[in-house]
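Student: what follows is a protein structure lacking sequence information:
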């Protein structure tokens, strides 16, 4: 009982829906198959036996009318009719499987016996099958007999069936007697076995087909449920992210409102101070003052840039799509960044497809996307390394066309355990990073109907693939 309880606990608590259904349905369909086999086989066997007994009864009655008369059953003197019964016996045993017969009068007394003549004159009123036949039914002893008291030694090794057949007068329809026919059971036994096997195979095939059909349906339903659960989890995750972004937006707006104006005032004061730096005594003090003021302005610009990035990430502007030449936009970005590439000692390789089609995109969004990606590639590449920018057209199986932009560096790359998190807000591996650049780029890409993928580069660095659809509004 404990083992069964453990198995039941496992099935209900640990196993999947498909596993539980597979086990339970197998048990239920197995029980149903066995019950169906038992009921149908019994019904079929009873039908076979009923037809067998009726056929035997018709044959025997026909032969009796040919060889015997009504007086042969009722006469007191049995010697003259003995040869008639013997002739009937010789003729009737020509039918396959019939061995012998005995004859009883309506009172259940034996009036002729094929083998044991001592049976003649004995009453068998206690024989239930015989009494049912006297009542007008064709009755068979359904239990197979290996040896009975009225079965000869010659046939004692054979299995026989007793069939009690009432014989009626053809004129008055009066019961003349009952003939007890002994038939070999071999052919009937064979037919019964074949019927059971056929019904069993049919029940098994039907049960297996039902099981497989239900299992396939439940398995498909389980997959749908799993997909819905995954979609629900994704929706919940998006909702949490949306709520978090709303909170970030409120914080960013509050921060921008709280320190934006003071920062602008600090920057303006530094710019005014630069106009008055010539009043300082001595060139060294003037240069030191100028350097300090430039540093103040630079740091203020850096803080304001971070604040704009945070605001854009929390609530980016809706895209205003126009036809954009991506090759031209990339060339402009590269021209702006060339001094930084030269200063870092990093080479730049452009492999741009000349016939690249225009895409319906927001030019400001796309500029921020690739400015950030190329800058990240530059910062991740050591001195003497290379950043490669490629563009080409992707054509699918149908009529859809996409533009593919690839930015690859020769740096250390992104670890596999961090690769799935690089687009999470505020996740960064840089000491002074904010974790906003890549999530903001991903958001801009998706708002313009594209997708962005990070993978390993050919030379071991990181590779960012950006794909935008062409020829439709995104």
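Tutor: Structure's in. What do you need? From a predicted model like this one, the values you see are computed outputs, not experimental measurements. Numbering: from 1, shown residues only.
Student: distance of residue 214 relative to residue 204?
Tutor: Plainly put, residue 214 is 16 Å away from residue 204 if you go by Cβ to Cβ, to the nearest Å. Where C-beta positions appear, they are placed from N, C-alpha and C, glycine not excepted.
Student: then residue 83?
Tutor: 56 Å.
Student: more crowded one of these two?
Tutor: With neighbours defined as other Cβ atoms under 10 Å, residue 83 and residue 204 compare such that residue 204 has more, 15 against 9.
Student: and that one, helix, strand or coil?
Tutor: Per DSSP: H, G, I helix; E, B strand; the rest coil, the secondary structure class of residue 204 is helix.
Student: and residue 182, by the same measure?
Tutor: Relying on three-state DSSP, one would call residue 182 strand.
Student: over to the one 10 residues further on?
Tutor: Per three-state DSSP, the local secondary structure of residue 192 is helix.
Student: got a list of what the residue nearest to it when sequence neighbours are not counted touches?
Tutor: Among residues not flanking residue 192 along the chain, residue 45 sits closest, at 5.3 Å (Cβ to Cβ, 6 or more residues apart in numbering). Residue 45 makes contacts with 192, 195-196, as judged by Cβ atoms under 8 Å, 6 or more residues apart in numbering.
Student: look up how far residue 139 lies from the closest residue to residue 103 other than its chain neighbours.
Tutor: Excluding the flanking residues, the one nearest residue 103 by Cβ to Cβ, 6+ apart is residue 112, at 4.2 Å. Between residue 112 and residue 139 the computed distance is 19 Å (Cβ to Cβ).
Student: residue 207 too?
Tutor: Counting by Cβ to Cβ, the gap from residue 207 to residue 139 is 36 Å.
Student: can you check residue 379 too?
Tutor: 103 Å.
Student: again, but for residue 266
Tutor: Taken as Cβ to Cβ, the span from residue 266 to residue 139 is 118 Å.
Student: neighbour-wise, which of these two wins?
Tutor: residue 139 (22 against 16).
Student: my read: that one touches residue 129, true?
Tutor: Yes - the criterion here is Cβ atoms under 8 Å, and residue 139 meets it with residue 129 at 4.8 Å.
Student: find the residues that touch each one of these two.
Tutor: By Cβ under 8 Å, 6+ apart, the residues touching both residue 139 and residue 129 are residue 164.
Student: ok so, going back, out of the contacts of residue 45, which end up buried?
Tutor: Neighbour-count burial (16 or more other Cβ atoms under 10 Å) applied to those gives 192, 195-196.
Student: surely residue 42 is in a helix?
Tutor: Yes - assessed by three-state DSSP, residue 42 belongs to a helix.
Student: count of neighbours near it?
Tutor: Number of residues near residue 42 (other Cβ under 10 Å) recorded here: 13.
Student: and if you look at residue 327?
Tutor: Residue 327, neighbours per other Cβ under 10 Å, totals 19.
Student: which strand or helix spans it?
Tutor: Applying DSSP states H and E as the criterion places residue 327 in helix 326-344.
Student: repeat for residue 468
Tutor: Judged by DSSP H and E, residue 468 forms part of strand 462-469.
Student: what residues of that strand count as buried?
Tutor: Quick answer for strand 462-469 (16+ other Cβ under 10 Å): 462-464, 466-469.
Student: over to stretch 174-194?
Tutor: So for stretch 174-194, counting by 16+ other Cβ under 10 Å, buried means 175-185, 188, 192.
Student: quickly check these for the two that are furthest apart.
Tutor: Using Cβ to Cβ, the two most remote members of the buried residues of stretch 174-194 are 176 and 192, lying 32.3 Å apart.
Student: quick one: pLDDT of residue 404?
Tutor: Predicted confidence (pLDDT) for residue 404: 92.
Student: state whether it is indeed within a strand.
Tutor: Yes - checked against three-state DSSP, residue 404 lies within a strand.
Student: let's number from 27 now, not from 1
Tutor: Understood, numbering begins at 27; the last thing we discussed is residue 430.
Student: residues contacting it?
Tutor: When contacts are counted by Cβ under 8 Å, 6+ apart, residue 430 touches 416-420, 491-493.
Student: how about a cut-off of 10 Å?
Tutor: 352, 379, 382, 416-420, 476, 491-494 (Cβ atoms under 10 Å, 6 or more residues apart in numbering).
Student: need the worst-confidence member of these.
Tutor: Comparing those by pLDDT, residue 420 comes last, at 83.
Student: which SS state does that one fall under?
Tutor: Applying three-state DSSP: residue 420 is strand.
Student: lowest average confidence, helix or strand, in this protein?
Tutor: helix 28-35 (a mean of 52; mean pLDDT, DSSP states H and E).
Student: the helix or strand that contains the residue nearest to residue 129 - what's its average pLDDT?
Tutor: Assigned by DSSP H and E, residue 138 falls within strand 136-139. For strand 136-139, mean pLDDT is 86.
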